[in-house]
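J.: structure of the sequence below:
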Amino acid sequence: MRRAGLALALLAASFGGVLAWRLAPAIEAVLLDTSSPRPVAERGTLGADEAATIALFEAAQDSVVFIATSGVGRGLFGGGMEVPRGTGSGFVWDAAGHVVTNAHVIRGARRATVRLADGRSFDARLVGVSRDHDLAVLRVDVFAQRPRPLPIGRSEDLRVGQRVFAIGNPFGLDFTLTTGVVSALERELPGEEGAVIRGLVQTDAAINPGNSGGPLLDSAGRLVGVNTAIFSPSGASAGIGFAVPVDTVNRVVPQLIARGRYAPPSIGVTTDARLDAMARRQGLSGAMVVAVDPNGPASGAGLQPARAGRAGAILPGDRIVALDGTPIAGTRDLTAALDGRDVGEVVRLTLEGPGGAREVEVTLAPG
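T.: Numbers count the residues shown, from 1 in each chain. This is a model prediction of the structure:
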């Protein structure tokens, strides 16, 4: 009897527990107002670094643009029709409406449209391209409410570990901000037609397709690079991005605006990469001098060009094997060595030729 009573008591307790568990939400709903939104906890002031990043983005956003390109495709019934090609980024360079982007952003495009942060769109005109630096300049006619050009910084004094900020339009998601640091300096990437883009800034700020041509800024909001490429097995950001340094941009862009092309300072010679390759097969290094401008600095320094021999043979002249002590393996090395120099600067050439090895000094002339 006592066991039966105990069993009934346990059953009642168990049933009561289940009942209480089932009724608990209803009881809580009566005792607590759970149907209203929860009160918001006050955040307090933003951290100093957060506030600085927000201010930087808000100051720079209006200077960044979205670029859409189109080309010619085949229509349904034959013939050409305009089709979208791709999107990229750019930024306002000056008050005249010049916009800087990457050369590969507008490569093969028949038309480019620039959209500002306020939503206005303009057809752009191509002003100039330097494929060796992956830079291009467009121009748009903005007569009212012109965006402010980005402040220009320096890249020569960038340091690894310095914070940087990228703004662009990855995957068409316009005006996206990503942050990171300078990961390395003086990187090189292969460009078009065997060219090498030198002196690049490496960053771990997320850069994806569509970021190309957008600005890389320092913590003062100054332009320090133009985002140009990523290294990624998957095609998306892997934390290794590259930017053309602003010192290069500030040297190349004014020439693109003025002349539509970029030419480094000249020593007044013509060289040929194909002849360099032929000379290398004979164990000879350097950039072979094919012709000398009679009015150029090389002529005054006595450089001798290659000349034609009997039966179509080429008799080599001088080969430039070093510039200011930097070895020159061929024409591309010579062009790269002159790229960062200024007109009027004196450089020392190391030559090898029929008369043996010698050194001469020349004053660089306009290219």
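
J.: residue contacts, residue 199?
T.: Shown in contact with residue 199 (C-beta atoms under 8 Å, 6 or more residues apart in numbering): 185, 186, 187, 188, 245, 248, 340. (Each C-beta comes from the backbone N, C-alpha and C, glycine too.)

J.: again, but for residue 153
T.: Applying C-beta under 8 Å, 6+ apart, we find residue 153 in contact with 217, 218, 220, 222, 223, 224, 246.

J.: the nearest residue to it once chain neighbours are set aside and residue 216, how far apart?
T.: Counting by C-beta to C-beta, 6 or more residues apart in numbering, residue 222 is the residue found nearest to residue 153 once chain neighbours are left out, at 3.1 Å. Note on residue 222: its distance to residue 216, by C-beta to C-beta, to the nearest Å, is 10 Å.

J.: neighbour count for the two, which is higher?
T.: Shown here are residue 222 and residue 216; by other C-beta atoms under 10 Å, residue 216 has more neighbours (31 against 16).

J.: partner residues bridging the more buried one?
T.: residue 166, residue 225 (DSSP bridges).

J.: so where's the stretch 151-300 of the chain shaky on pLDDT?
T.: The model of the stretch 151-300 of the chain has pLDDT under 70 over residues 192-195, 232-237.

J.: how about the strands in it?
T.: Using DSSP state E, counting those that start in this stretch, the strands of the stretch 151-300 of the chain run over residues 163-168, 176-190, 196-203, 215-218, 223-230, 241-245, 269-271, 287-292.

J.: strand partners (parallel or antiparallel) of the third one?
T.: If I follow you right, that is strand 196-203. Strand pairing (DSSP bridges) places strand 196-203 next to strand 176-190 (antiparallel), strand 241-245 (antiparallel).

J.: identify each buried residue in that strand, please.
T.: The neighbour-count check on strand 196-203 (16 or more other C-beta atoms under 10 Å) flags 197, 198, 199, 200, 201, 202, 203 as buried.

J.: isn't the residue nearest to residue 153 right next to residue 150, touching?
T.: Yes - taking contacts as C-beta atoms under 8 Å, residue 222 lies within contact range of residue 150: 7.5 Å.

J.: got the contact list for residue 344?
T.: Shown in contact with residue 344 (C-beta under 8 Å, 6+ apart): 363, 364.

J.: quick one: secondary structure of it?
T.: Following DSSP: H, G, I helix; E, B strand; the rest coil, the label given to residue 344 is coil.

J.: could I get the phi/psi values of it?
T.: Residue 344 has phi and psi values of phi 90, psi -10 when expressed as degrees, to the nearest 10.

J.: now do it against residue 266, distance only.
T.: Counting by C-beta to C-beta, the gap from residue 344 to residue 266 is 12 Å.

J.: repeat that for residue 41.
T.: According to C-beta to C-beta, residue 41 stands 67 Å off from residue 266.

J.: tell me which of those two has more neighbours.
T.: Legend: neighbour count by other C-beta under 10 Å for residue 41 and residue 266, higher for residue 266 (19 against 6).

J.: surely that one touches residue 365?
T.: Yes - contact criterion C-beta under 8 Å: residue 266 and residue 365 qualify, at 5.0 Å.

J.: which residues do those two both contact?
T.: Taking C-beta under 8 Å, 6+ apart as the criterion, residue 266 and residue 365 both touch 296, 297.

J.: quick one, domains of this protein?
T.: As assigned by automatic domain parsing, the chain contains the domains 63-139, 163-259, 269-363.

J.: okay, these in JSON lines with distance to residue 37 next?
T.: Formatted as JSON lines, those follow (distance: least, C-beta to C-beta, whole Å):
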{"stretch": "domain 63-139", "distance to residue 37": "33"}
{"stretch": "domain 163-259", "distance to residue 37": "30"}
{"stretch": "domain 269-363", "distance to residue 37": "61"}
